[in-house]
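**Q** Here is my input; please provide its structure:
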Amino acid sequence: MSRFVKGMLFGFGLILGTTIILGVLFIRSMQPDAEQEKIVKRQAEAYLEQHYKEAEVVDVYFDNMGNHVAFDYAAQVIDRKTGIEFLVYLDQSTNKVVDTYYVEQWTADVVVVIQPSVGAVFGNDADYLVHFAEESVMALKLQPGAEVDYRDTKIPPTISITLHRKQQTTDKKRLNNLSTTLQSNNYLSHGKIQVEYVDEDGELFEGGEELKAVF
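**A** Next up, the predicted model:
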């Protein structure tokens with residue numbers, strides 16, 4: 001066997017071995033650590049005992065895709081009294097245990113109060129999502145477990161409305177009417193509403209004016 005062939009085989013083997021090792025390391029990095037899950041659960045249970053006595057840990061979430069900057073592991077919690085599901089985790093930037101209760105509670109509150117208005121303006125088949133920026137809510141440093149109305153915080157939620165049709169010329173007027181209604185009924189003092197259009201397969205329609213309202 002020539003020196004050239006041996007070199008080729010060695011190079012191929014080295015690449016294959018490196019690929020296998022990297023693959024194994026990647027697979028292991030995508031799997032949760034059982035001991036870390038236990039630690040997160042214990043931290044969350046101690047936190048709940050102090051702030052949310054009606055809540056309990058139902059699972060542990062492992063962010064193996066790196067979607068969250070503040071944590072890798074978080075306890076998934078449900079408040080049996082209110083039905084609100086939220087996360088409890090050790091914030092890596094502050095080394096303090098925090099929760100997302102207010103984010104989830106305020107989201108649920110806004111969904112309920114705006115549903116009739118969204119249906120009246122865009123039809124009952126309109127889909128919509130409400131989002132409060134978690135960073136903005138955390139910055140308020142609210143007392144865990146306290147009752148705080150989202151309207152007292154002045155944090156503007158984002159409402160994303162999806163319509164299963166093409167854009168119509170009257171949609172801009174409809175959107176303005178919706179934002180006026182939400183303000184005049186004291187549902188929202190500030191917020192952002194954006195509208196998108198999808199076909200029957202869920203694909204976005206091309207073209208049309210970008211439709212959004214900020215108030």
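**Q** Val77 contacts Val57, doesn't it?
**A** Yes - between Val77 and Val57 there is a contact at 5.6 Å, judged by CB atoms under 8 Å. For glycine as for every other residue, the C-beta is placed from the backbone atoms N, C-alpha and C.
**Q** Which helix or strand contains the residue nearest to Met138 when sequence neighbours are not counted?
**A** Of all residues not flanking Met138 in the chain, Val98 sits nearest, at 6.5 Å (CB to CB, 6 or more residues apart in numbering). Under the criterion of DSSP states H and E, Val98 resides in strand 96-99.
**Q** For the residue most central in space within the chain, give me its contacts.
**A** The chain has His131 as the residue nearest its centroid, 7.6 Å off, counting by CA atoms, centre = their mean. His131 is in contact with Thr107, Pro157, Thr158, Ile159, Ser160, counting by CB atoms under 8 Å, 6 or more residues apart in numbering.
**Q** for the residue nearest to the first one when sequence neighbours are not counted, phi and psi?
**A** Spelled out, that is Thr107. Leaving aside its sequence neighbours, Thr107 sits nearest to Val130 (CB to CB, 6+ apart; 4.9 Å). In terms of degrees, to the nearest 10, the main-chain angles of Val130 are phi -120, psi 140.
**Q** isn't Val130 right up against Gln105?
**A** No - assessed by CB under 8 Å, Val130 is found out of contact with Gln105, at 11.6 Å.
**Q** which intervals of this protein have sub-threshold pLDDT?
**A** 1-31 (pLDDT under 70).
**Q** can you rerun that using 50?
**A** Applying pLDDT under 50 to the chain flags residues 22-26, 28-29.
**Q** Helices of that one, start to end?
**A** In the chain, the helices defined using DSSP state H lie at 3-29, 34-51, 101-122, 134-139, 171-184.
**Q** on that earlier part again, want to throw the contacts of His131 into a markdown table with distance to Ile84 and neighbour count?
**A** Formatted as a markdown table, the contacts of His131 follow (distance: CB to CB, whole Å; neighbours: other CB atoms under 10 Å):
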| residue | distance to Ile84 | neighbour count |
| --- | --- | --- |
| Thr107 | 9 | 18 |
| Pro157 | 16 | 23 |
| Thr158 | 20 | 15 |
| Ile159 | 19 | 24 |
| Ser160 | 21 | 15 |
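**Q** Now for those: which two are most distant?
**A** Thr107 and Ser160 (12.0 Å; CB to CB).
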